[in-house]
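Student: sharing a model that was predicted from the sequence below.
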Amino acid sequence: MEQQKKQWKEKATDYKTYAGVLLALSVFFYIGMLIPADQSMIAIEKKPFLLGLIVILLVGAFSFYQKAVKYIRLLRELDQ
């Protein structure tokens, strides 16, 4: 049982880390899209693709965070 708790705790930590990385990456892309630069300006045709990528990253971050919450709840129920 202790091994199971340890695995769940590790999974929750990993999923939180994955969510944080995906969130940071999506913020990085969003800021990069907003800041105009003369030479590296993003073409208008590429903006919908970039927005779609940002949405996918945010959905992924949310789903990983939900998985982490699921394992944290399992740990709390097991401790009670």
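Tutor: Done, it's in.
Student: what about Ala61, which helix or strand?
Tutor: helix 47-79 (DSSP states H and E).
Student: which helices and strands does that helix pack with?
Tutor: Contact partners of helix 47-79 among helices and strands, from 3 or more Cβ pairs under 8 Å, 6 or more residues apart in numbering; DSSP states H and E: helix 2-34. C-beta here means a position set from N, CA and C on the backbone, and glycine is covered the same way.
Student: what's the average pLDDT for the helix it packs on?
Tutor: Averaging pLDDT along helix 2-34 yields 94.
Student: give the buried residues for that helix.
Tutor: Residues of helix 2-34 classed as buried: 8, 11-12, 15-16, 18-19, 22-23, 25-26, 30 (neighbour count, 16 or more other Cβ atoms under 10 Å).
Student: quick one: distance of it to the chain centre.
Tutor: Relative to its chain's centre, helix 2-34 lies at 5 Å (Cα atoms, centre = their mean, to the nearest Å).
Student: one step back: just how off-centre is the helix holding Ala61 within its chain?
Tutor: Distance, centroid of helix 47-79 to centroid of chain: 6 Å (Cα atoms, centre = their mean).
Student: hmm, back to that, of all pairs in the buried residues of helix 2-34, which one is the farthest apart?
Tutor: The span of the buried residues of helix 2-34, defined through Cβ to Cβ, is set by Trp8 and Tyr30 at 32.6 Å.
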